[in-house]
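Sharing a model prediction with you, sequence too.
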Amino acid sequence: MRAFVAGVAVGLVLAGATVGGALSVLVKRGIQLPVATDRLAAQVRVEVAAAARRELPGAIATVRRDLPRRAADEAARRLRETRLEVAGLQVPVPEAVTRQVSARMAEAVRLGIDLAIRDADLDAFAGRIGQRAYVLVDGRMRSSLAGQQFVVKPWPWLSIPVTLVPTE
């Protein structure tokens, strides 16, 4: 019986020493917590590309509606400020000419927009926007999370440092 008690005591001491050693190593080295930044960045890529696909048609419609008018207004403003010299006299550009040039400017801008949109692959453009978001988010997260450290206290007497490590 004495040998049994001695064996249990030695076993408990060894178990306590092993647990104590493991806790000591854990407290000194801490835990390296891998963070998959590429997964989050991939999700951002998908979401941004989807948002771009949804929003691009409305943005293009706004440009198609507003830009020709703005170009025509600017052309008209500049023509109203312009003076022509005829036989040594300074005369303003006639209002009829200003209106015609302004209307032609609006039509030319509208046609240019239509041609550009017709040839544009909006789905591919949205994909490129998503890919740029992926690169930005992944790089930013890698640089900001690398080596970030915090302490976890499972019990008041035990502090375990946790270090974030971005993974591929």
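Alright, I've got the coordinates. Residues are numbered from 1 along each chain as shown.

residue closest to the middle of this protein?
Among the residues of the chain, the one closest to the centroid is Ala133, at 3.9 Å (CA atoms, centre = their mean).

check which helix or strand covers that residue.
Under the criterion of DSSP states H and E, Ala133 resides in helix 122-145.

Likewise for Val151?
Using DSSP H and E, Val151 sits within strand 149-155.

I'd like the distance from whatever helix or strand comes next after that strand to the chain centre, please.
Where DSSP H and E defines the elements, the next helix or strand beyond strand 149-155 is strand 158-166. Centroid separation for strand 158-166 versus its chain: 28 Å, with CA atoms, centre = their mean, to the nearest Å.

quick one, strand 158-166 and strand 149-155 angle?
Strand 158-166 and strand 149-155 meet at an angle of 140 degrees, taking axes from the mean of the first three to the mean of the last three CA atoms, to 10 degrees as the criterion.

report the angle between the axes of the lowest-mean-pLDDT helix or strand in the chain and strand 158-166?
Least confident helix or strand of the chain, by mean pLDDT, DSSP states H and E, is helix 2-29 with a mean of 75. Orientation check (the same axes, to 10 degrees): helix 2-29 against strand 158-166 gives 50 degrees.

partners of the helix or strand following helix 2-29 in the sheet?
Next in sequence after helix 2-29, counting helices and strands by DSSP H and E, comes strand 31-35. Sheet pairing of strand 31-35 (DSSP bridges) gives strand 158-166 (parallel).

Check which residues of the strand it pairs with are buried.
Neighbour counts using 16 or more other CB atoms under 10 Å place 164, 166 of strand 158-166 among the buried residues. Bear in mind the C-beta positions are built from the backbone N, C-alpha and C, glycine included.

Make 56 the first number, not 1, from now on.
Done: numbering now begins at 56, and the last item shifts to strand 213-221.

could you give the mean pLDDT of that strand?
Average pLDDT, strand 213-221: 83.

for the closest residue to Pro216 other than its chain neighbours, phi and psi?
Closest residue to Pro216 apart from its sequence neighbours, by CB to CB, 6 or more residues apart in numbering: Gly85 at 3.4 Å. Here is the backbone geometry of Gly85 (degrees, to the nearest 10): phi 80, psi -170.
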